[in-house]
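Visitor: How does the following fold in three dimensions:
(2 chains)
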Protein chains: 2
Amino acid sequence: MTDDYKVIEVKRSIFEDNDADADRLREELREEKTFLLNLMSSPGAGKTTTLKRTIANLKDEMRIGVMEADIDSDVDAASIIEAGARAIQIHTGGMCHLDADMTRQGLKEFGTSDLDFVVLENVGNLVCPAEFDTGATKNAMILSVPEGDDKPLKYPLMFSVCDVVLINKCDALPVFQEFDKEAVEQRIKELNPNAEIFFVSAKTGEGFDQWINWVRTQVAEYRGV
Amino acid sequence: MTDDYKVIEVKRSIFEDNDADADRLREELREEKTFLLNLMSSPGAGKTTTLKRTIANLKDEMRIGVMEADIDSDVDAASIIEAGARAIQIHTGGMCHLDADMTRQGLKEFGTSDLDFVVLENVGNLVCPAEFDTGATKNAMILSVPEGDDKPLKYPLMFSVCDVVLINKCDALPVFQEFDKEAVEQRIKELNPNAEIFFVSAKTGEGFDQWINWVRTQVAEYRGV
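Guide: Predicted structure coming up:
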């Protein structure tokens, strides 16, 4: 596994630089009082729909921006702008994650000093994005009900690095009756006892009050409001 | 983006070695007449459930093996063995994909000369696995209805490299009425005019006849039976 080993070596040296980059970006964001949320999930778990409803709930009380890191399309940024936030699309050139330097470049281009709450919609992927600190203030992930309640067992790092987990598409629970809400909660808590877990449906708005309150409180505390 | 550039350089040199490794593995597999299917999808799209039903349909007419590349758990291998196939679990140490060398090592450990049809259940990820030729005879992917019909727009490489696409969880279409079967088919065909597309439900068995026939025909042609 010489090739494989080479990759890991390079990854490690990037990790070291990346951690320093991430800390530096966090300091810069703190100076301008911009809260950056790194939002991760599998493809199709509902990041964009969740964001659109979140923006609709919060756009009158804070200035919101979204940085989209989709791989090849600009479908999402357009729909985010329609929802009432500023948005920028990053093309990652096929990269499977964003690191802190890529995040900073995107934010610099975006201009965030007039924004209170910025969401980085990371590449849809439960593996690589979990390995790279983007410099975000907090990490969030969405697990959707159709993906199954075993995902914390298979992608433990992702669940370990997140401050908050949204269990989305709860409106589909009648079709996915095998999804065990208690089991998934227990599996997440075993990996990450401090994780906040909210059961929501971005489609219907079910459970959104708690999530919106979490964002509101986090941003207010961070900004010292 | 110096760090980023470094990654891409190393990736490229791996690609070159990897392509040669993949071709060598394909030759070795052809000598022992073992058909290797590389099965990819997002986390939770239904790879394991699809495999279990596929094994149940075919286990009396061919010798089947499954190589599981889940990241940290051995939940899947156990359930595959129960379904009636030989199985091996590979722990990828957090890697987000398998390359040809990792695949060959796993297959060597597994011992495939007495198997007709081997499925490599790749890491749940629509990005990285698409970039690495594993040496498989054919590539397949599963897109599940709840992920949405826009996925070919966002993960075009994955849809481009696959010989067959299963659209799974069609039993959930009544809850995901926004999923447009014609649109997804058209988007896949634009990227990959030769892709076979089957609409199925691994849970109910809907649409499985066509998929099973595809596997049966492919394996028979490959083995010259």
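
Visitor: got the end-to-end distance for stretch A:105-119?
Guide: Across stretch A:105-119, the terminal residues are separated by 15 Å (Cα to Cα, to the nearest Å).

Visitor: whoops, stretch A:121-140 was the one
Guide: For stretch A:121-140, the separation between the terminal residues is 10 Å (Cα to Cα).

Visitor: Give me the distance between it and the centre of its chain.
Guide: Offset of stretch A:121-140 from its chain centre (Cα atoms, centre = their mean, to the nearest Å): 6 Å.

Visitor: Can you confirm whether that stretch lies near chain B?
Guide: Yes. Stretch A:121-140 comes into contact with chain B (Cβ under 8 Å from any Cβ of the partner chain), by way of A:V123, A:G124, A:N125, A:L126, A:V127, A:C128, A:E131. C-beta: built from backbone N, CA, C; applies to glycine.

Visitor: Now do the same contact list for the second one.
Guide: A:G124 makes contact with A:S41, A:S42, A:P43, A:G44, A:A45, A:K47, A:D70, B:S42, B:L126, B:V127, B:K154, B:Y155 under the criterion Cβ atoms under 8 Å, 6 or more residues apart in numbering or on different chains.

Visitor: Backbone dihedrals for it, please?
Guide: Backbone torsions of A:G124, given as degrees, to the nearest 10, read phi -70, psi 100.

Visitor: same question, the fourth one
Guide: Here is the backbone geometry of A:L126 (degrees, to the nearest 10): phi -90, psi 0.

Visitor: what sits against A:W211?
Guide: The contact partners of A:W211, taken as Cβ under 8 Å, 6+ apart, are A:T54, A:V164, A:L166, A:F198, A:V200.

Visitor: In the sheet, which strands lie alongside the helix or strand containing A:M141, parallel or antiparallel?
Guide: Following DSSP states H and E, one finds A:M141 within strand A:138-144. In the sheet containing strand A:138-144, the strands it pairs with under DSSP bridges are strand A:35-41 (parallel), strand A:164-168 (parallel).

Visitor: so A:L143 makes contact with A:K169?
Guide: No. Counting by Cβ atoms under 8 Å, no contact exists between A:L143 and A:K169, whose distance comes to 9.2 Å.

Visitor: before we move on, back to that, where is pLDDT lowest across the contacts of A:G124?
Guide: Here the lowest pLDDT out of these sits on A:D70, with 65.

Visitor: returning to that earlier point: go through the contacts of A:G124 and flag which are in helices.
Guide: In helices, defined here by DSSP state H, the members of these are A:K47, B:K154.

Visitor: and the closest residue to A:K138 other than its chain neighbours, how many neighbours?
Guide: Counting by Cβ to Cβ, 6 or more residues apart in numbering or on different chains, A:K138 lies nearest to A:D163, which is 4.5 Å off, once chain neighbours are set aside. A total of 18 residues lie near A:D163 under the criterion other Cβ atoms under 10 Å in any protein chain shown.

Visitor: picking up where we left off before, avg pLDDT for the strand holding A:M141?
Guide: Taken as a whole, strand A:138-144 has an average pLDDT of 98.

Visitor: Tell me which stretches of chain A form strands.
Guide: A:35-41, A:64-68, A:86-89, A:117-121, A:138-144, A:164-168, A:196-199 (DSSP state E).

Visitor: okay, those in TSV with mean neighbour count next?
Guide: Listed next are the strands of chain A as TSV, based on neighbours: other Cβ atoms under 10 Å in any protein chain shown:
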stretch	mean neighbour count
strand A:35-41	26
strand A:64-68	26
strand A:86-89	20
strand A:117-121	26
strand A:138-144	26
strand A:164-168	26
strand A:196-199	18
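
Visitor: And those strands, which one averages the lowest pLDDT?
Guide: Set side by side, the strands of chain A give their lowest mean pLDDT on strand A:86-89, at a mean of 88.

Visitor: In the sheet, which strands lie alongside that one, parallel or antiparallel?
Guide: The sheet places strand A:86-89 alongside strand A:64-68 (parallel), with pairing taken from DSSP bridges.

Visitor: Just the CA atoms of the partner strand, as PDB, please.
Guide: As requested, C-alpha coordinates have been extracted for strand A:64-68 and formatted as PDB (Å, rounded to 0.1, in the frame of the first residue of the first chain):
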ATOM      1  CA  ILE A  64     -27.500  35.800   6.500                       C
ATOM      2  CA  GLY A  65     -25.100  34.500   3.800                       C
ATOM      3  CA  VAL A  66     -24.700  31.100   2.300                       C
ATOM      4  CA  MET A  67     -21.500  29.800   0.700                       C
ATOM      5  CA  GLU A  68     -22.400  26.800  -1.600                       C
END
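
Visitor: hmm, who's touching it?
Guide: Applying Cβ under 8 Å, 6+ apart, the contact partners of strand A:64-68 are A:51, A:55, A:58, A:74, A:76-77, A:80, A:84-90, A:103, A:106-107, A:110, A:112, A:115-121.

Visitor: what about 7 Å?
Guide: By Cβ atoms under 7 Å, 6 or more residues apart in numbering or on different chains, the list of residues contacting strand A:64-68 from outside reads A:51, A:55, A:58, A:76-77, A:80, A:85-90, A:106-107, A:110, A:112, A:115, A:117-121.

Visitor: Who is the residue nearest in space to the middle of chain A paired with across the strands?
Guide: Here the mean C-alpha position of chain A is nearest to the C-alpha of A:L39 (Cα atoms, centre = their mean), at a distance of 0.7 Å. Partner residues in beta bridges with A:L39, using DSSP bridges, are A:E121, A:A140.

Visitor: A:C128 contacts B:V123, correct?
Guide: No. The pair A:C128 and B:V123 fails to qualify as a contact (Cβ atoms under 7 Å) at a distance of 10.2 Å.

Visitor: Please enumerate the shared neighbours of these two.
Guide: With Cβ under 7 Å, 6+ apart, A:C128 and B:V123 have common neighbours B:C96.

Visitor: need the contacts of A:G124 in a markdown table with distance to B:T137, can you?
Guide: Formatted as a markdown table, the contacts of A:G124 follow (distance: Cβ to Cβ, whole Å):
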| residue | distance to B:T137 |
| --- | --- |
| A:S41 | 32 |
| A:S42 | 27 |
| A:P43 | 26 |
| A:G44 | 28 |
| A:A45 | 31 |
| A:K47 | 35 |
| A:D70 | 31 |
| B:S42 | 23 |
| B:L126 | 21 |
| B:V127 | 23 |
| B:K154 | 27 |
| B:Y155 | 22 |
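
Visitor: Relative to B:R24, which of the contacts of A:G124 is nearest.
Guide: B:V127 (25.3 Å; Cβ to Cβ).
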